[in-house]
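next comes the sequence, and after it the predicted model I'd like to discuss.
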Amino acid sequence: MSLNNTTGLIIKEQKVGENDRLVTILTADLGLIRAFVPGALKLKSKNIAATSLLSFSDLEIYQSRDTYKVNSARSKEIFFGLRNDIASLSLAGYFCELLLNLAPVFEPAEEYLKLTLNCLYLLCENKKSKEFIKAVFELKIAKFSGYCPDLIACAKCKEENLENVGFDVLNGVVFCEKCKNDSHISLTNSVFAAMRHIIYSDNKKAFSFKINEQSEHLLAEISEKFIISQTEKNYKTLDFYKQMRN
Ligand SMILES: [Zn+2]
């Protein structure tokens with residue numbers, strides 16, 4: 001039996017039996033971990049808040065063979081701002097579903113954790129739109145998990161000085177104005193510049209760009225199509241977010 005001290009974000013919680021909880025935690029050092037929290041749901045449990053969904057917590061975890069148990073937990077951040085806004089909360093739920101599908105298990109996942117925390121802070125602040133935050137999250141998580149689109153040059157003629165490109169969502173590549181065809185989605189120059197910025201800028205700067213509302217709408221649409229087509233999955237939490245957003 002060994003003891004680990006770690007910090008992580010609770011991205012899934014399930015009730016087990018009367019009083020126990022099973023949580024999935026996104027940690028920087030060990031990626032996704034599933035752990036039991038014995039007695040978490042007892043009335044006076046000190047661990048209840050810190051092992052709730054979307055709590056970022058210091059955790060003391062015991063490992064015994066393949067089983068992990070949370071011995072004690074203390075919240076560092078509960079993202080209170082999310083809990084007052086059902087659309088923000090449901091978008092955070094979609095981020096969790098993407099993480100459950102794409103984040104590594106028992107392997108370092110620091111960049112996934114930082115990206116997610118940044119998005120949750122931004123959602124709470126309400127300064128950037130949800131569509132903007134969602135687009136950055138989708139493109140960055142695609143990049144981290146091996147679905148990085150190639151936005152450097154035309155996939156056919158290798159031209160790098162690109163304008164009015166066509167984006168091939170299935171293959172994650174772009175075509176210049178001369179090489180694109182009707183099966184590609186036409187991107188405005190500002191949407192293409194935003195995608196390049198998100199994909200190639202360092203993670204801290206990924207959110208620091210401006211885009212007008214119309215382009216933001218297209219960026220959000222493309223990012224969503226891209227992650228769905230690359231991961232070949234439909235996300236229930238995304239459908240729920242869309243209902244709540246309207
Ligand atoms: Zn070309």
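Great, that's in hand. Numbers count the residues shown, from 1 in each chain.

distance of the residue nearest to Leu170 when sequence neighbours are not counted from the ion?
Sequence neighbours aside, Ser229 is the residue nearest to Leu170 in space, at 5.8 Å (criterion: C-beta to C-beta, 6 or more residues apart in numbering). Yep, even glycine has a C-beta here, placed from its N, CA and C like the rest. According to C-beta to the ion, to the nearest Å, Ser229 and the ion sit 22 Å apart.

likewise Asn19?
62 Å.

what about that residue, distance to Asn161?
Separation of Asn19 from Asn161 (C-beta to C-beta, to the nearest Å): 63 Å.

okay, those two: which has more neighbours?
Taking other C-beta atoms under 10 Å, Asn19 and Asn161 do not tie; Asn19 has more neighbours (14 against 7).

look up phi and psi at that one.
Dihedral pair for Asn19: phi -120, psi -10, per degrees, to the nearest 10.

tell me where this structure has helices.
Taking DSSP state H to define them, one finds helices in the chain at 80-83, 86-102, 110-125, 130-144, 189-200, 213-231, 236-245.

columns mean pLDDT, distance to Ile48 and mean neighbour count on top of those, output as CSV?
Putting these into CSV (pLDDT from 0 to 100; distance: least, C-beta to C-beta, whole Å; neighbours: other C-beta atoms under 10 Å) gives the following:
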stretch, mean pLDDT, distance to Ile48, mean neighbour count
helix 80-83, 91, 15, 15
helix 86-102, 97, 18, 20
helix 110-125, 97, 20, 19
helix 130-144, 97, 28, 23
helix 189-200, 97, 37, 19
helix 213-231, 96, 33, 18
helix 236-245, 96, 23, 15
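
and of the ones you listed, who's closest to Cys176?
helix 189-200 (11.0 Å; C-beta to C-beta).

roughly how far is the closest one from the heart of the chain?
Mean-position distance between helix 189-200 and its chain equals 18 Å (C-alpha atoms, centre = their mean, to the nearest Å).

CA atoms of it as CSV?
The C-alpha coordinates for helix 189-200 follow below in CSV (Å, rounded to 0.1, in the frame of the first residue of the first chain):
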residue,chain,number,x,y,z
ASN,A,189,-8.8,34.7,-43.2
SER,A,190,-9.6,35.7,-39.6
VAL,A,191,-11.0,32.3,-38.7
PHE,A,192,-7.9,30.6,-40.2
ALA,A,193,-5.6,33.0,-38.3
ALA,A,194,-7.4,32.2,-35.1
MET,A,195,-7.1,28.4,-35.6
ARG,A,196,-3.4,28.8,-36.4
HIS,A,197,-3.0,30.9,-33.3
ILE,A,198,-4.7,28.4,-31.1
ILE,A,199,-2.8,25.4,-32.5
TYR,A,200,0.7,26.9,-32.7
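
tell me what it is packed against?
With contacts defined as 3 or more C-beta pairs under 8 Å, 6 or more residues apart in numbering; DSSP states H and E, helix 189-200 has these neighbours: helix 130-144, strand 150-154, helix 213-231.

same thing but 10 Å
Contacting helix 189-200 under the criterion 3 or more C-beta pairs under 10 Å, 6 or more residues apart in numbering; DSSP states H and E are the following elements: helix 130-144, strand 150-154, strand 166-168, strand 173-175, helix 213-231.

now that helix against helix 213-231, angle please.
Angle, helix 189-200 to helix 213-231, by axes from the mean of the first three to the mean of the last three C-alpha atoms, to 10 degrees: 50 degrees.

residue most distant from the centroid, this structure?
Using C-alpha atoms, centre = their mean, the residue of the chain lying farthest from its centre is Lys178. It sits 34.6 Å away.

so what's it closest to, chain neighbours aside?
Nearest residue to Lys178 in three dimensions, chain neighbours excluded: Cys157, at 7.1 Å (C-beta to C-beta, 6+ apart).
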